[in-house]
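Novice: Quick one, what's the 3D model for this:
(chains A and B)
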Amino acid sequence: GESVGLHLPTLSVQEGDNSIINCAYSNSASDYFIWYKQESGKGPQFIIDIRSNMDKRQGQRVTVLLNKTVKHLSLQIAATQPGDSAVYFCAETQETSGSRLTFGEGTQLTVNP
Amino acid sequence: NAGVMQNPRHLVRRRGQEARLRCSPMKGHSHVYWYRQLPEEGLKFMVYLQKENIIDESGMPKERFSAEFPKEGPSILRIQQVVRGDSAAYFCASSPRPEQLHEQYFGPGTRLTVT
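Specialist: The predicted structure is shown next:
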């Protein structure tokens, strides 16, 4: 079936560096792609989303890039801080499916001081 | 504006008992989703509800699991005759309007442990 998955399970960066978290997806019919951050013991926190007809969207310190040709999504975090340490999930959804989210497995980001 | 609230945060049940999980969506949100997360895994969709209606339950196990979102009060996910494999974190999320269903805001989750 359709799936959303991540290339790397863990990523370790130095404080102040930029982080790039990648995601591959297989459902070409997806309407939205969303990034969530999940800290230990908490629920996922919405970070940023991008509609399928866009290729880039920027937020505060974060940028999401969408490459539909190779079905690839990435989250860039600028000037990574210790508070950014968490598991990051990409998710996709289709409006015709009632927008239920299909999540990838997650990438553990660790920021070293 | 309070976020999505879930209770209890932790629930321990013996095999065969019933588990009842509650979710109060954000104020003004009438769309509720339930997801299950097994250890070291991503979240898996279970059910999508609007007030008094189940819209999509394609992710719900066929037996023992049920969900409701009554006109008044929280959404309830009920698991009857729990088994060890039901141990997981259960999250609900809410969304404001049909055109923004992809914007889902999650609660802190209920961690169910079946002994």
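
Novice: residues in chain B within reach of chain A, list them.
Specialist: Proximity of chain B to chain A, by CB under 8 Å from any CB of the partner chain, involves residues B:4, B:6, B:33, B:35, B:41-45, B:48, B:55-56, B:58-59, B:91, B:93, B:95, B:101-109. The way it works is simple: take the backbone N, C-alpha and C, and place the C-beta from them, glycine included.

Novice: What's the PyMOL syntax to select whichever of those are buried?
Specialist: The PyMOL selection below is limited to those of the residues of chain B next to chain A classed as buried (16 or more other CB atoms under 10 Å in any protein chain shown):
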select buried, chain B and resi 4+6+33+35+42+43+44+45+48+56+59+91+93+95+101+102+103+104+105+106+107+108+109
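
Novice: mind listing which of the residues of chain B next to chain A are in strands?
Specialist: Per DSSP state E, strands hold the following members of the residues of chain B next to chain A: B:6, B:33, B:35, B:43-45, B:48, B:55-56, B:91, B:93, B:95, B:105-106.

Novice: Look up how far chain A lies from the one residue sitting closest to the centre of chain B.
Specialist: By CA atoms, centre = their mean, chain B has its centre lying nearest to B:Trp34, at 3.5 Å. For B:Trp34, the distance to chain A equals 10 Å [CB to the nearest CB, to the nearest Å].

Novice: can you give me how far the strand or helix carrying A:Leu65 is from the chain middle?
Specialist: Counting by DSSP states H and E, the element that carries A:Leu65 is strand A:62-67. Centroid separation between strand A:62-67 and its chain, computed with CA atoms, centre = their mean, to the nearest Å, is 8 Å.

Novice: Test for you: state the pLDDT assigned to A:Gln94.
Specialist: The per-residue pLDDT reported for A:Gln94 equals 86.

Novice: Same check on A:Leu8?
Specialist: 50.

Novice: sorry, back to before: each with direction, which strands does the strand holding A:Leu65 pair with?
Specialist: Strand A:62-67 pairs in its sheet with strand A:56-58 (antiparallel), strand A:72-77 (antiparallel), by DSSP bridges.

Novice: Adding mean pLDDT and mean neighbour count as columns, could you present those strands in CSV?
Specialist: Shown next, in CSV, are the strands paired with strand A:62-67 (pLDDT from 0 to 100; neighbours: other CB atoms under 10 Å in any protein chain shown):
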stretch, mean pLDDT, mean neighbour count
strand A:56-58, 97, 13
strand A:72-77, 96, 20
